[in-house]
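>>> Got a predicted model here, sequence first, then my questions.
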Amino acid sequence: MTRAGTTTAATTTLWLSMCLGVMGCAKGATQQVAAAQPDLPQPQLKPAPETPIAEKKEEIGAASWDPQWDQFVEASLPPEMLSVGVARDVRPFCPRFAMMGEADKRAFWAYFFQALAGAEAGLKPTTDVRHTEPEVAKEDTVTKRMVRSEGLLQLTYMDAKRYGCPFDWEKDRSLPEKDPAKTILQPENNLACGIKILDNQLIAQSKPLLSRTSYWSTLQPGRPSYRVFVKQMTNVPTPCRRNAANPPANTAANPPAR
């Protein structure tokens with residue numbers, strides 16, 4: 001019994017030593033790989049200009065567009081929205097898009113979403129509207145209530161299902177209507193959802209930017225809100241313009257052909 005017990009103890013000790021040795025080697029190898037792996041390159045970001053409504057709000061000391069929202073949009077863009085494939089769509093507002101560097105393309109899209117938020121919500125994150133028009137006065141399939149458009153880009157809880165947006169109705173339902181803590185009213189959540197929706201329109205569905213079937217009426221030529229959006233697009237980043245001394249052409253009467 002003593003000899004067998006000694007042998008077993010010795011075997012166990014050897015096994016533990018080998019195990020610890022392997023674990024130590026593995027840990028060391030992991031640390032070496034982690035040290036050797038370079039950090040992923042971060043996208044170069046540029047500040048976007050202010051839209052006319054943002055400038056007016058600052059003049060009177062009202063809450064306006066937060067430059068951090070530009071940074072968030074620029075860092076969140078999918079590669080497809082930076083490709084030459086969308087150059088034709090944005091040509092009315094950014095004729096030189098295909099020739100621009102990546103940082104300037106990101107700045108254009110940041111300005112675009114600022115203009116969209118200006119036309120949709122006056123740049124106010126807690127804006128919400130319950131529409132009465134028959135085409136939109138429907139039940140929200142998530143809240144089971146009449147559809148309410150909310151936040152900077154006037155989105156709905158249904159978009160969480162349709163586009164994978166970060167809205168949590170179960171968390172928000174007990175909060176006051178305009179509580180900024182609501183997930184749908186948080187600017188980054190709302191903007192992230194807007195990027196998903198536009199990416200779906202331009203890339204997945206291959207629809208033009210300005211379309212009568214766009215998610216937003218502000219991107220539907222002929223609608224009153226479209227004219228509001230066009231006015232907000234008159235101060236696009238300088239690299240977008242054919243001639244830096246002139247603003248981009250007004251496209252209210254002549255949307256791009258497809």
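Received the coordinates, thanks.

>>> going forward, measure contacts between C-alpha atoms and count neighbours the same way
Noted.

>>> quick one: the strands in the stretch 101-250 of the chain?
Using DSSP state E, counting those that start in this stretch, the strands found in the stretch 101-250 of the chain span residues 128-130, 148-150.

>>> looking at those, which is closest to residue 162?
Closest to residue 162 of these is strand 148-150 (CA to CA; 14.9 Å).

>>> related to what we said a few turns ago, and the strands of the stretch 101-250 of the chain, which one is worst for confidence?
For those, the bottom mean pLDDT is recorded on strand 128-130, which sits at a mean of 91.

>>> Buried residues, that strand. List them.
Within strand 128-130, the residues that qualify as buried by neighbour count (16 or more other CA atoms under 10 Å) are residue 128.

>>> Strand partners (parallel or antiparallel) of it?
For strand 128-130, the paired strands and their directions (DSSP bridges) are strand 148-150 (antiparallel).

>>> so how far is the partner strand off the chain centroid?
The offset between the C-alpha centroid of strand 148-150 and the centroid of the whole chain comes to 18 Å, using CA atoms, centre = their mean, to the nearest Å.

>>> Kindly report the same for stretch 84-91.
The answer for stretch 84-91 is 18 Å, by CA atoms, centre = their mean.

>>> Save the strands of the stretch 101-250 of the chain as TSV, and put in distance to residue 217 too.
Formatted as TSV, the strands of the stretch 101-250 of the chain follow (distance: least, CA to CA, whole Å):
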stretch	distance to residue 217
strand 128-130	14
strand 148-150	12
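
>>> Looking at those strands, which is nearest to residue 93?
Closest approach to residue 93 among the strands of the stretch 101-250 of the chain (CA to CA): strand 148-150, 26.2 Å.

>>> what's next to that closest one, contact-wise?
Counting contacts by CA atoms under 8 Å, 6 or more residues apart in numbering, the residues outside strand 148-150 that touch it are 126-131, 140, 155-156, 184-185.

>>> Swap in 10 Å and give it another go.
120-121, 125-132, 136-140, 154-157, 177-178, 184-185, 190 (CA atoms under 10 Å, 6 or more residues apart in numbering).
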